[in-house]
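Visitor: Got a predicted structure here, sequence first:
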Amino acid sequence: MEFQLDFDSIVNMVVAAALSAVIGLERELRHQDAGLRTHMLVGLGAALFASVGIALGTDPTRIAAQVVSGIGFLGAGAIFRSGETIRGLTTAAGLWVVASIGVAAGSGLIQLAVIAALVGLAILHGLAPVVDRISDKQARAAGESQELS
């Protein structure tokens, strides 16, 4: 079987990497371990798997299922527990989202990938002040309850 590299496949992979970079940059600015490069590589890899699956004529759902499994394993490595605190869940979820963005872009569903990236960025960046405010209130309430004890 001969594979012809076409312009659309190249564009799909570049778009996947660029959209994943948007999510990764937000994580990088928040000083998370999985930042810009990690997210871009995950999105690019997922796009490549989708493109190769399409080129080989395999069932796209099988490719997507394998990407989901692989990213689940990678994401599990990003989650840490220290006492009662669990860290890395948002990073793991972000990796999962950029993998899905990569699969969408690699499959040629560019508009869907763009929308997912924008919604993902809105969740990560737009809701950050709300989360910070809630965390501050919880920390103050915990401090007050310790003073009363």
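Guide: Cool, the structure landed.
Visitor: Now do the buried residues in the helix of greatest length in the chain.
Guide: Taking DSSP state H as the criterion, the chain has its longest helix at helix 7-29. Neighbour-count burial for helix 7-29, counted by 16 or more other CB atoms under 10 Å, picks out 9, 12-13, 15-28. (Glycine included, C-beta is placed from N, CA and C.)
Visitor: show me where the chain has helices.
Guide: Counting by DSSP H, the helices of the chain are 7-29, 36-56, 60-76, 89-106, 110-121, 128-148.
Visitor: centre of the chain versus the fourth one, how much separation?
Guide: On the basis of CA atoms, centre = their mean, to the nearest Å, helix 89-106 is displaced by 3 Å from the centre of the chain it belongs to.
Visitor: per-residue pLDDT, Glu2?
Guide: For Glu2, the model assigns a pLDDT of 60.
Visitor: Got the phi and psi for the closest residue to Ile79 other than its chain neighbours?
Guide: In space, and not counting its chain neighbours, Ile79 is closest to Gly88: 4.2 Å by CB to CB, 6 or more residues apart in numbering. Backbone torsions for Gly88, taken as degrees, to the nearest 10, come to phi 100, psi 0.
Visitor: Kindly report the same for Glu84.
Guide: Dihedral pair for Glu84: phi -90, psi 0, per degrees, to the nearest 10.
Visitor: burial measure for it, as a count.
Guide: Other residues lying near Glu84 total 5 when counted by other CB atoms under 10 Å.
Visitor: can you check Val42 too?
Guide: Val42 has 29 neighbours, counted by other CB under 10 Å.
Visitor: Pretty sure it sits against Phe73.
Guide: No: contact criterion CB atoms under 8 Å: Val42 and Phe73 do not qualify, at 11.9 Å.
Visitor: residues near the residue nearest to Ile79, how many?
Guide: By the criterion of other CB under 10 Å, Gly88 has 19 neighbours.
Visitor: who's in contact with it?
Guide: When contacts are counted by CB atoms under 8 Å, 6 or more residues apart in numbering, Gly88 touches 33, 78-80.
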